[in-house]
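1. with the sequence up front, the predicted model follows.
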Amino acid sequence: MRYFRIVASIVISSVATISAAEEFSDLGKDLFVEHCARCHGIDATGKGFDAIDLRTQPADLTKISERRGGVWPMLEVMSILDGYLKVQEPRDDMPVITELNDGPTVQFDTGNGLVTPIPSKLIEVAEYLESIQSPKPERYVP
């Protein structure tokens, strides 16, 4: 009986962990659909309904790591989403999504050993984009 309780506890905690991971991923996808899909498309390939009216064709967001030699650039992606660094031109049609900076923050390691609070919505969208990379990233930089 004790063995059964231990196994049951492990199974229940595993299911809870999987559900939490799916919820996290679903929130990132939901935020993407709400803020990005009109231009980048539901499938994130740059063929959204509003893309035809833009001066700059939206990027295929499923190929971010491929364009960077197999590297997933987490901080760069978050910076593009929140508009903090405008390092790529022309980007006149790319809106700053200030709503991603609202709400709770989570601790994020920026890669130099320093941990800083980052808005959780911003991380959720960036992690969703990471999850749809084709091919999958081979290496990661913060």
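-> Received, thanks. Source: prediction; values computed, not measured.
2. residue 38 touches residue 47, doesn't it?
-> No. Counting by CB atoms under 8 Å, residue 38 stays clear of residue 47, with 11.1 Å between them. (Glycine included, C-beta is placed from N, CA and C.)
3. now residue 101. Nearest residue, chain neighbours left out?
-> Leaving aside its sequence neighbours, residue 101 sits nearest to residue 119 (CB to CB, 6 or more residues apart in numbering; 4.8 Å).
4. the residue nearest the centre of the chain: what's it in contact with?
-> In the chain, the residue lying closest to the centroid (CA atoms, centre = their mean) is residue 126, at 1.7 Å. The contact partners of residue 126, by CB atoms under 8 Å, 6 or more residues apart in numbering, come to 28, 74, 77-78, 81.
5. show me these that map onto helices.
-> Members of those lying in helices (criterion: DSSP state H): 28, 74, 77-78, 81.
6. where do the strands sit along this protein?
-> 71-73, 105-109, 115-119, 139-141 (DSSP state E).
7. where are the low-confidence patches of this protein?
-> 1-25, 84-91 (pLDDT under 70).
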